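Chemist: I'll drop the sequence and a predicted model, then ask my questions.
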Amino acid sequence: MDEQALLGLNPNADSDFRQRALAYFEQLKISPDAWQVCAEALAQRTYSDDHIKFFCFQVLEYQVKYKYSELTTVQQQLIRETLISWLQAQMLNPQPEKTFIRNKAAQVFALLFVTEYLTRWPKFFFDILSVVDLNPRGVDLYLRILMAIDSELVDRDVVHTSEEARRNTLIKDTMREQCIPNLVESWYQILQNYQYTNSEVTCQCLEVVGAYVSWIDLSLIANDRFINMLLGHMSIEVLREEACDCLFEIVNKGMDPVDKMKLVESLCQVLQSAGFFSIDQEEDVDFLARFSKLVNGMGQSLIVSWTKLIKNGDIKNAQEALQAIETKVALMLQLLIHEDDDISSNIIGFCYDYLHILKQLPVLSDQQKANVEAIMLAVMKKLTYDEEYNFENEGEDEAMFVEYRKQLKLLLDRLAQVSPELLLASVRRVFSSTLQNWQTTRFMEVEVAIRLLYMLAEALPVSHGAHFSGDVSKASALQDMMRTLVTSGVSSYQHTSVTLEFFETVVRYEKFFTVEPQHIPCVLMAFLDHRGLRHSSAKVRSRTAYLFSRFVKSLNKQMNPFIEDILNRIQDLLELSPPENGYQSLLSSDDQLFIYETAGVLIVNSEYPAERKQALMRNLLTPLMEKFKILLEKLMLAQDEERQASLADCLNHAVGFASRTSKAFSNKQTVKQCGCSEVYLDCLQTFLPALSCPLQKDILRSGVRTFLHRMIICLEEEVLPFIPSASEHMLKDCEAKDLQEFIPLINQITAKFKIQVSPFLQQMFMPLLHAIFEVLLRPAEENDQSAALEKQMLRRSYFAFLQTVTGSGMSEVIANQGAENVERVLVTVIQGAVEYPDPIAQKTCFIILSKLVELWGGKDGPVGFADFVYKHIVPACFLAPLKQTFDLADAQTVLALSECAVTLKTIHLKRGPECVQYLQQEYLPSLQVAPEIIQEFCQALQQPDAKVFKNYLKVFFQRAKP
């Protein structure tokens, strides 16, 4: 072997050596017999370096996985012998191999097993067992091989071909017939032999039993001798967790409902009499987490049995199953309420399914009602944050608690389905007693009390949040709690979690304020002062900004008396903070967007006359415009790139804020009706000069473009005079991405204003196309994926533009570009339909072609277009689907084919019998299509139902492709 290259296998080797080692590995993989050197090195233990041994196994793995069928019988025999010799050598090694080598060896054994077991090596397990016997080193490897085989055969995360799946099923069937009883016997011997002397091997063996039990005959394992041994292991500290998992796998195996019930009950009796149900005496939380998972498995198994028995009408046994479930509830509750969240989380499935049973019962017993209440109290207790939760810097533990809370929420929702009255009463009791003394109560208890009220909104179903109408007792209970929430002063509680929960709940139940509007002022004050938007925590300020905008939007009809006061109070929060003054504003620019939107909503929805609205809107936007002009001048003079970037950012925020205020307008309250057109036109005049700024083009253009999109919607035709100069600036020295983002703007204008913008479109049509073609024709590196993708997206945008123009009935925009240019455009559409393997673009191209044929394809169409139809469009409808890249199994491609069918139908519609004659006598014969198929094709084309032809066309091309 190349010793120099092998040096590169060491993780500490320098990169040159590592490159050489990689190249050597590739070379050994493709060489027909180099692997034999590796096999020999393993069998004769030539190398002591672990990385070289691992490398040799990798080379063998490659041979077995990809090249095995190419080897001669002698070579295959050599691989088998190599592995067995290596295994024999392990029995004598003074030191065991490193774990990563043993695992890789096990993988190679497993690969060879699935390849050879059914044909050349039926005695695989017997050969291995005869080598390893009960030698601990050998047993370790034997168990690793079994785990590797299990993951090859049954691991659901591994994607298998249907051929491999069939082979795996056959292997399992053969193993069940020929060797599983012997394997089970070997496991029993290993467990018996090593349970007190070698915990590592015993745990490995328990893991193997747990893995195989899902697909072997359960009676081999679920019998007295095995179960008794496993129960013995439950009392041995180093084995108990693995034994627990093994019992869980046994319990989880699918089987007859009555048998499953008997198995679970006998297991429970033994566990109970051995004292395992006394949870409070157990201190080992890791074991309890596994035990909780086992109890969860037993509970859910019994519930599955109950469901099946009810379905089969076996009432007697179903009753027994329910009885068995009920006797586990006390244990379930102990685990659910346990202070360790992992233990609690593992039992939630059983709890959830138990409630589902109760929901189906016609009437609940007193005990069942007590169980429901106990679950409810457990959930309320477990929802509570603990002292260690870090609100300022949430890490992994905090994320896990948030996930756990989501599981508890599902339980709460299920409780509401079983007994909504009980849930409402329990929450009300906890809420009222906590809020009575909130000043002296710990934050986590106050938070959870408000949280429970918040959670009721989803748990108790109503349509459109109408919690305060309909069911009187429910409405009055919720109204009572909301009144307490907003009048108790709890919004002043000095903890971020309570503050946030307060605002979340107020917004969740905004309908309360339409019933009792007298509470609106005090809630608005909470939003606006140090409790909300001016809170010391940035996290609270940020969330409040969003919630405040929601609150104002949903209650806009009630806001009129407070509008000017609110606008005055938020004045300082609207300031654009330029980079140079070092002033850190209270809100981030993202948060300020919500405040601007809120200001817009207040002004637009107010009951003021139009002049007042205009004055308020001008007050809101003028500071932005003034700042914008100053900052743009500064940017033009800025030398330092970092400073340029921060100024451009600030300019972009200004445009974004102005855009955001326009979201307040609607069809009922248009810009015109509110008298605000002039203000926004002033904004346009202020912002457009940024397009000609040579610095930081990307960010500035993007902001102004978004503003233009908004103005096209809001200002309607008043925006049109600004479009030509804006377009001219945006088309200057632009990249693929600029064009791609500019085209939707033109599409929006075209689709909205149609004939009004025809002169403008005619004028800018060719400049836009030149800019697009110039970018598309730029040379790019052959394997530059991102450049290729950008071009593909630009091509799609270009075709989308042509589709908008033709679809808006403005084909004269294209027609008036002069014959040469028209032809050039048409040729690009034909190329898009045929040459580029992009079904999304191809679909668009066929839509354009159909439209053009519909508009120009008749007798009075432009001179020469009929010729173009026969020379180019008809062939495109055949050449595109015949391409190898046109994949008829792909959904997008099928849509493209559907549009191709529409194109052919449209040609037939416009040209009549002449089109059929051309296909019959000239075009289809030139493709060597058989006469009877030509006949069939033309008949399908002439069918009045377009769907018939679409379906036929798919079949036609499926047949035509090899």
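Modeler: That came through fine.
Chemist: burial of residue 286, as a residue count?
Modeler: Neighbour count of residue 286, defined by other CB atoms under 10 Å: 12. Where you see a C-beta, it was placed from the backbone N, CA and C, and this is true even at glycine.
Chemist: now residue 668, what's its secondary structure?
Modeler: At residue 668, secondary structure determined by DSSP: H, G, I helix; E, B strand; the rest coil is coil.
Chemist: Which pLDDT value belongs to it?
Modeler: Note for residue 668: predicted pLDDT of 90.
Chemist: What count of nearby residues applies to residue 660?
Modeler: 21.
Chemist: For it, pull up the helix or strand it's in.
Modeler: For residue 660, the enclosing helix or strand under DSSP states H and E is helix 641-661.
Chemist: and if you look at residue 698?
Modeler: Per DSSP H and E: helix 697-715 holds residue 698.
Chemist: returning to that earlier point: helix or strand next in line after the helix holding residue 660, which one?
Modeler: By DSSP H and E, the next helix or strand past helix 641-661 is helix 677-687.
Chemist: now for that next one, which elements pack on it?
Modeler: Contact here means 3 or more CB pairs under 8 Å, 6 or more residues apart in numbering; DSSP states H and E; on that basis helix 677-687 packs against helix 610-637, helix 641-661, helix 697-715.
Chemist: Quick one: closest of those helices to residue 26.
Modeler: helix 697-715 (41.9 Å; CB to CB).
Chemist: Give me the buried positions along the closest one.
Modeler: 697, 699-708, 710-712, 714-715 (16 or more other CB atoms under 10 Å).
Chemist: re the thing from before, check the offset of the helix holding residue 660 from the chain's centre.
Modeler: Offset of helix 641-661 from its chain centre (CA atoms, centre = their mean, to the nearest Å): 31 Å.
Chemist: Okay, the closest residue in space to residue 235 that isn't next to it in sequence and residue 234: tell me how far apart.
Modeler: Among residues not flanking residue 235 along the chain, residue 274 sits closest, at 7.1 Å (CB to CB, 6 or more residues apart in numbering). Using CB to CB, to the nearest Å, residue 274 is found at 7 Å from residue 234.
Chemist: what about those two, which has more around it?
Modeler: Between residue 274 and residue 234, counted using other CB under 10 Å, residue 234 has the larger neighbour count: 20 against 13.
Chemist: could I get stretch 217-230 in PDB with only the CA atoms?
Modeler: Coordinates of each C-alpha in stretch 217-230 appear next as PDB, following Å, rounded to 0.1, in the frame of the first residue of the first chain:
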ATOM      1  CA  ASP A 217     -42.400 -14.400  17.100                       C
ATOM      2  CA  LEU A 218     -43.200 -12.700  20.400                       C
ATOM      3  CA  SER A 219     -43.700 -15.900  22.300                       C
ATOM      4  CA  LEU A 220     -39.900 -16.500  22.000                       C
ATOM      5  CA  ILE A 221     -39.400 -13.500  24.200                       C
ATOM      6  CA  ALA A 222     -42.700 -12.900  26.100                       C
ATOM      7  CA  ASN A 223     -42.300 -16.000  28.200                       C
ATOM      8  CA  ASP A 224     -41.600 -16.700  31.900                       C
ATOM      9  CA  ARG A 225     -37.900 -17.300  31.600                       C
ATOM     10  CA  PHE A 226     -37.200 -14.100  29.600                       C
ATOM     11  CA  ILE A 227     -39.600 -11.800  31.400                       C
ATOM     12  CA  ASN A 228     -38.400 -12.900  34.800                       C
ATOM     13  CA  MET A 229     -34.800 -12.300  33.800                       C
ATOM     14  CA  LEU A 230     -35.800  -8.800  32.400                       C
END
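Chemist: quick one: average pLDDT of it?
Modeler: Here the average pLDDT along stretch 217-230 is 91.
Chemist: about what we covered before: you'd agree the residue nearest to residue 235 is up against residue 230?
Modeler: No: using CB atoms under 8 Å as the test, residue 274 is too far from residue 230 to be in contact (11.6 Å).
Chemist: And the residue positioned nearest the centre of the chain, how far from residue 822?
Modeler: The structure's the chain has its C-alpha centroid closest to residue 403; by CA atoms, centre = their mean the separation is 16.3 Å. Taking CB to CB as the measure, residue 403 falls 61 Å from residue 822.
Chemist: now residue 309
Modeler: According to CB to CB, residue 309 stands 76 Å off from residue 822.
Chemist: more crowded one of these two?
Modeler: Between residue 309 and residue 822, residue 309 has the larger neighbour count (other CB under 10 Å), namely 21 against 18.
Chemist: Not counting its neighbours along the chain, what's nearest that one?
Modeler: residue 318 (3.9 Å).
Chemist: and if you look at residue 112?
Modeler: residue 64 (5.3 Å).
Chemist: Name all residues that make contact with the one you found.
Modeler: 79, 108, 111, 112, 115 (CB atoms under 8 Å, 6 or more residues apart in numbering).
Chemist: where does the chain have low pLDDT?
Modeler: By pLDDT under 70, the weakly predicted segments of the chain are 1-13, 17, 463-465, 578-583.
Chemist: okay, now the domains of it?
Modeler: Domain ranges of the chain: 182-253, 256-385+396-418, per the TED database.
Chemist: Take those domains and write them to TSV, including distance to residue 952.
Modeler: Formatted as TSV, the domains of the chain follow (distance: least, CB to CB, whole Å):
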stretch	distance to residue 952
domain 182-253	47
domain 256-385+396-418	46
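Chemist: helix or strand for residue 277, which one?
Modeler: For residue 277, there is no helix or strand it lies in under DSSP H and E.
Chemist: Counting neighbours, what do you get for it?
Modeler: Counted with other CB under 10 Å, the neighbours of residue 277 add up to 17.
Chemist: Test my guess that residue 725 contacts residue 685.
Modeler: No: between residue 725 and residue 685 there is no contact under CB under 8 Å: 10.7 Å.
Chemist: Name the member of the buried residues of helix 697-715 with the shortest distance to residue 946.
Modeler: Relative to residue 946, the closest of those is residue 712; by CB to CB it sits at 34.8 Å.
Chemist: hmm, back to that, distance check, the residue nearest to the centre of the chain against residue 849.
Modeler: 53 Å.
Chemist: again with residue 186
Modeler: Residue 186 is 71 Å from residue 849, by CB to CB.
Chemist: Of those two, give the one with the bigger neighbour count.
Modeler: Applying other CB under 10 Å to residue 186 and residue 849 shows that residue 849 carries more neighbours, namely 29 against 23.
Chemist: ok, the nearest residue to the more buried one once chain neighbours are set aside - contacts?
Modeler: Nearest residue to residue 849, sequence neighbours excluded (CB to CB, 6+ apart): residue 903, at 5.0 Å. Applying CB under 8 Å, 6+ apart to residue 903 gives the contacts 846, 849, 850, 853, 873, 877.
Chemist: In helices only, show me those.
Modeler: Among those, the members found in helices (DSSP state H) are 846, 849, 850, 853, 877.
Chemist: Distance to residue 157 added to the residues you listed, as TSV?
Modeler: As requested, these are exported to TSV (distance: CB to CB, whole Å):
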residue	distance to residue 157
846	41
849	46
850	46
853	51
877	44
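Chemist: ok, these vs residue 353, which is closest?
Modeler: Nearest to residue 353 among the ones in helices among the contacts of residue 903 is residue 846, at 52.7 Å by CB to CB.
Chemist: Thought residue 900 was touching the closest one, still the case?
Modeler: Yes: using CB under 8 Å, residue 846 makes contact with residue 900 at a distance of 4.9 Å.
Chemist: what do the two both touch?
Modeler: Common neighbours of residue 846 and residue 900 (CB under 8 Å, 6+ apart) are 833, 877.
Chemist: Could you double-check that residue 895 sits in contact with residue 842?
Modeler: No: counting by CB under 8 Å, residue 895 stays clear of residue 842, with 9.1 Å between them.
Chemist: the more surrounded of these two?
Modeler: Between residue 895 and residue 842, counting by other CB under 10 Å, residue 842 is the more crowded of the two (28 against 15).
Chemist: Identify the residue nearest that one in space, chain neighbours excluded?
Modeler: Once flanking residues are discounted, residue 842 sits nearest to residue 896: 4.2 Å by CB to CB, 6+ apart.
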